[in-house]
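Engineer: Sequence first, then the predicted structure:
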Amino acid sequence: MGLIRKLRVTQRAMERAMLGVSLRDQIRNVKIRRRTRVTDIAQRVAKLKWQWAGHIVRRKDGRWGPKVLEWQPRTGKRSVARPPTRWTDDIKRVAGSRWIQAAQNRGTWNSLQKTYVQQWTSIG
């Protein structure tokens, strides 16, 4: 989430530069966003991540991408304390533990995308 915050700050700075507006002008971000009509970077990142996950899972050409998503450590356990979140953990929160099967059906997968993007951007 720290990276998303940095991306948002950078995007806002670029939008202000596009409009020739300074921070000293004290124009709200909402007004600037309305004038530039640029989509939020966090929404774009979340949407692309969701689409990429579905794409990787649906692949049937024998590459190692889908196998890596299903990989479990040999011991079956992760490190002590709070383990770092994995790439698929936030996808599982929206699509459930059987998200790989859900991704096989494009209609179902695309209907869950809006929920995922909304949830993912509200966190950051």
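Structural biologist: Received, thanks.
Engineer: from here on, contacts and neighbour counts on C-alpha atoms
Structural biologist: Will do.
Engineer: just checking, next helix/strand downstream of whichever helix or strand R44 is part of?
Structural biologist: Using DSSP states H and E, R44 maps to helix 41-58. Sequence order places helix 65-69 as the next helix or strand after helix 41-58, per DSSP H and E.
Engineer: per-domain residue ranges of the protein.
Structural biologist: Domain ranges of the chain: 1-38, 40-73+84-124, per automatic domain parsing.
Engineer: so which of these is the most packed in?
Structural biologist: Among the domains of the chain, domain 40-73+84-124 has the highest mean neighbour count (mean count of other CA atoms under 10 Å), at a mean of 14.
Engineer: got the CA coordinates for stretch 102-117 in PDB?
Structural biologist: In PDB, the C-alpha atoms belonging to stretch 102-117 read as follows (Å, rounded to 0.1, in the frame of the first residue of the first chain):
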ATOM      1  CA  ALA A 102     -13.800 -18.900 -10.700                       C
ATOM      2  CA  ALA A 103     -11.300 -17.400 -13.100                       C
ATOM      3  CA  GLN A 104     -12.000 -20.100 -15.600                       C
ATOM      4  CA  ASN A 105     -15.400 -18.600 -16.300                       C
ATOM      5  CA  ARG A 106     -14.800 -15.200 -17.800                       C
ATOM      6  CA  GLY A 107     -18.300 -13.900 -17.100                       C
ATOM      7  CA  THR A 108     -18.000 -14.700 -13.400                       C
ATOM      8  CA  TRP A 109     -14.400 -13.300 -13.300                       C
ATOM      9  CA  ASN A 110     -15.400 -10.000 -15.000                       C
ATOM     10  CA  SER A 111     -18.300  -9.500 -12.700                       C
ATOM     11  CA  LEU A 112     -16.100  -9.800  -9.600                       C
ATOM     12  CA  GLN A 113     -13.600  -7.300 -11.000                       C
ATOM     13  CA  LYS A 114     -15.500  -4.200 -10.000                       C
ATOM     14  CA  THR A 115     -15.800  -5.500  -6.400                       C
ATOM     15  CA  TYR A 116     -12.100  -6.200  -6.300                       C
ATOM     16  CA  VAL A 117     -11.100  -2.800  -7.700                       C
END
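Engineer: any idea which residue sits dead centre in the chain?
Structural biologist: The centroid of the chain falls nearest to A46 when counting by CA atoms, centre = their mean (2.4 Å).
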